[in-house]
Each structure stands twice: as C-alpha cells, then as structure tokens.
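Novice: Got a predicted structure plus its sequence, pasted below:
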Amino acid sequence: MAPQQARDPEKRDPAAPIRVVVVDDSAIVRKLLVDGLRSGPGIEVVGTAADPFAARDLIVRLEPDVITLDIEMPRMDGLSFLRKIMAHRPMPVIVISSLTQQGSATSIEALRAGAIDVIPKPGGPYSIGQITDRLRERILGIRDWMPRVQLAPEPHAPINVSFAHVRPGTGLIAIGASTGGPQAIEALLTRLPKVCPPILIAQHMPEHFTRTYAERLDKVCAMRVVEASDRQVVEAGVAYVAPGDRHMIVERNGIVLTLRMTDDAPVHHQRPAVDVLFHSIARLQAVRVVALLLTGMGHDGADGMVALRRNGAETIAEHEHSCVVYGMPREAIERGGACHVATLLRMPHLIADCFTKLQEPRARMMAALHTSR
C-alpha cells in the first residue's frame, strides 16, 4: 500500500454518512455485518472485500472513513494488513474477532497495533443483533476520532515515580477507558513502579478478551496485573482488570477492600461500565483515591468522576492531545468532574503528586494536634 495522507475528520461533512468498508473472508459474515450496518441511518457501506489485497484496492479507490477487519484471512493475515494501514494510511479500524484463545491474543496485538476496538465475531454467545448494534455505535462514534501520534508503551522505560509516601491500605487508583483504552492503559501502567497503590481498571472489552489482556499487561508491567474475580481482596502492587461482560464494584469488608463482580444490567450499553466502578469507589470512606478517565466514545465515567470529586478524590481526565477518541474525558471535563487534565506522559508524576496533595490535610491535622499538646 503506497503511503497516503489520512483524511482529516474535521474536513468531512458532519451530516454525511460514515463510509465503511467491511473486510472478512466469510461471505456469510460479510452479509450479516452489512445488513446490520445498513439497518439504521448515518452509515453507508461502500464496499466489501474477502481479503486484504482486495481491501487495499477499495481503500485507495473509495477512501472510506472506517473499515471493519477480520483477523484470520487468506493471502495475508489481518494483523499484518492492519500494520500496513497504520503505517501508510492511518484510519479507524475495528477488528472483528473470534472468541478463541488465539483470536483473543491476536486481537490484543491488533489493539496495540492501532485498532480502535475489537468486537466478537457472529456465531459466538452474542446475538448478531448485539454485535451489529455495538458495531454501529462504535462506527457512529468515530466522528471524534483523529489520527494521533501513537504513544508506544515502553515496558523497559526507566521508572522514576515513587508511591512510598502512600501507606498500604490508604490509597487507590481507578482507571476507566473505552476506545483506544487498551493502548493507553498499557502506556500508563508500564510507566508506574512495582510498589504502587492498588489499581482498578474498567475497560470496555468483551468477555474472554480481558483475561488475555490482563495476562499481556502482567508480562510488561512492573506491578502484577490480573483479571479481577469475585470477592477478591484488593492488595497494593496489583492492578485488577474488570472481566468482560461483568460490572466490578468495590466494597469495604472490615479493614480491607474487596471486589464484587455483578451481572446487573449494562450501563450506557456497557458491562463493565466505568460509572459503576467509580460510583462504588465514591461511596468508600477513609480511602485516598486518584481516578483517571482515559480515551473513549460516549460519556461512561463522567458522572462517576463528578461523584468522586465531590467525595474528595483527585480526578484526572486525559488531554485531547493524547486521546484516540476524546468523548469520555471531554464529558467529564464539561460536567466539572476533572480536577486535572493531562496527557498520558504526564500522568505518572501527576498521580504521585495527587496522593501527596491528598495526604496534606491529614498532615496538617496531625501537626495541629501535636502543637496543641
């Protein structure tokens, strides 16, 4: 694929339908996806392709706004094709993947290579209606997408941030993200040290994929990373990824915090939902919380961030300059939920500074008590 200038989303007519090319080697899957995408307004399927070579010609000729991409295809695998797209014509790519272990692992690599989302392939436990509804939602949300300089994770980058001043059991980091989140979370976590407060993560991702994602993070991050499980005790130095298709909430159980996984109805069409996690944390007492809302479509997490700020938490929204999609952070900022706005590169030091700030009122109180004696 010859290098091309990516289409500038700001120059496209906002009233025009979003132009989509569907790439999948299965004729049945192509028809199911096309029929689902054409079921409502705002999306125009301008072409379909059975392999990357045909897709390449369509992309050059039709200049679509977004493509859906199967990973397992003949002649050239979808992951290799995705890397070529990101190198020569960056554009929003949504991966359609099987729920097998291999499919999940390859999908995580696709997200790291620049895909904005991964959606289960028809034929699994999800109905075709659920899949196409989610696909339509994601495609309609790409109006906020901008080609950005990728902040490549650096698993071996020097870590010069310290949380030694945060006593075990008194601090908690909460992270919410959606589209573009898997790359953003990895870029952030790989810059945090092994000794850190517990980290709770709600990332919009299908079930089965979250376990593979957590295992991937565990290999490249200094802290331990696991897929969260029900009634698990929250420990320092561990990051917990909410399992796909389950909400994660935090409860106090005596002197410890425990995690609960629920099958309650989706919130903002999402399970796990960031708002569910954030609101549960906002109800905690005597815990210093730093909450981050990263890249994503929609407004999940915005209300929860407002609740956290009102409860005394330090809240950080990702800056537009590093977001893949600025929807969720922008909503939090507009609703007054963000104490700070920062790019991913600034966040590690800002998180440490926030914990220092959270400890200052207690330090002043203790100093006052000592002086009065």
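Specialist: Yep, it's here. Numbers count the residues shown, from 1 in each chain.
Novice: Spatially nearest residue to the residue nearest the centre of the chain (excluding sequence neighbours)?
Specialist: Geometric centre of the chain, nearest residue: Gly181, 2.3 Å, by CA atoms, centre = their mean. Distances taken as CB to CB, 6 or more residues apart in numbering place Gln203 nearest to Gly181, at 4.9 Å, with adjacent residues excluded. Just so you know, the C-beta spots here come from the backbone N, C-alpha and C atoms, and that holds for glycine as well.
Novice: what pLDDT does that neighbour get?
Specialist: Listed pLDDT for Gln203 reads 97.
Novice: Check the gap between it and Asn160 for me.
Specialist: To Asn160, Gln203 is 26 Å away according to CB to CB, to the nearest Å.
Novice: wait, doesn't the residue nearest to the centre of the chain sit right on Gly296?
Specialist: Yes - look at Gly181 against Gly296 with CB atoms under 8 Å: they come within range, at 6.0 Å.
Novice: what are the ranges of the helices in the stretch 1-150 of the chain?
Specialist: Secondary structure of the stretch 1-150 of the chain (DSSP state H, counting those that start in this stretch): helices located at 27-37, 52-62, 78-88, 101-113, 128-140.
Novice: which one of the ones you listed has the most crowded surroundings?
Specialist: helix 101-113 (a mean of 20; mean count of other CB atoms under 10 Å).
Novice: For it, name the packing helices and strands.
Specialist: Secondary-structure packing of helix 101-113 (3 or more CB pairs under 8 Å, 6 or more residues apart in numbering; DSSP states H and E): helix 78-88, strand 93-97, strand 117-120, helix 181-189, helix 209-220.
Novice: Need the residues that contact it.
Specialist: With CB atoms under 8 Å, 6 or more residues apart in numbering as the test, helix 101-113 has contacts from 69, 71-72, 78-79, 82-83, 86, 93, 95, 97, 115, 117-118, 121, 153, 182-183, 186, 208-209, 211-213, 216.
Novice: again, only using 6 Å
Specialist: For helix 101-113, the surrounding residues in contact (CB atoms under 6 Å, 6 or more residues apart in numbering) are 71, 79, 82-83, 95, 97, 118, 182, 208-209, 212-213, 216.
Novice: Please convert the residues you listed to CSV, extending it with distance to Thr343 and pLDDT.
Specialist: CSV is the format used below for the contacts of helix 101-113 (distance: CB to CB, whole Å; pLDDT from 0 to 100):
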residue, distance to Thr343, pLDDT
Ile71, 30, 85
Leu79, 28, 90
Leu82, 25, 93
Arg83, 25, 93
Val95, 26, 91
Ser97, 29, 82
Val118, 24, 88
Pro182, 17, 93
His208, 31, 84
Phe209, 26, 89
Thr212, 27, 92
Tyr213, 22, 95
Arg216, 23, 94
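Novice: and which of these is nearest Thr356?
Specialist: Pro182 (29.3 Å; CB to CB).
Novice: got a list of what that closest one touches?
Specialist: Leu111.
Novice: Apply 10 Å and report the result again.
Specialist: Pro182 makes contacts with 107-108, 110-112, 115-118, 203-205, 209-210, 213, 216-217, 295, as judged by CB atoms under 10 Å, 6 or more residues apart in numbering.
Novice: And for Met328?
Specialist: 144, 176-181, 204, 268, 274, 293-302, 305, 317-318.
Novice: Please flag which of those residues sit within helices.
Specialist: If you go by DSSP state H, these have 181, 274, 302, 305 in helices.
Novice: Export those residues as CSV, with columns for pLDDT.
Specialist: As requested, the ones in helices among the contacts of Met328 are exported to CSV (pLDDT from 0 to 100):
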residue, pLDDT
Gly181, 93
Val274, 98
Ala302, 98
Met305, 98
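Novice: Looking at these, which is nearest His247?
Specialist: Using CB to CB, the ones in helices among the contacts of Met328 come closest to His247 at Val274, 10.0 Å.
Novice: what's the spacing between the closest one and Phe163?
Specialist: 23 Å.
Novice: More neighbours: which of the two?
Specialist: Val274 (36 against 20; other CB atoms under 10 Å).
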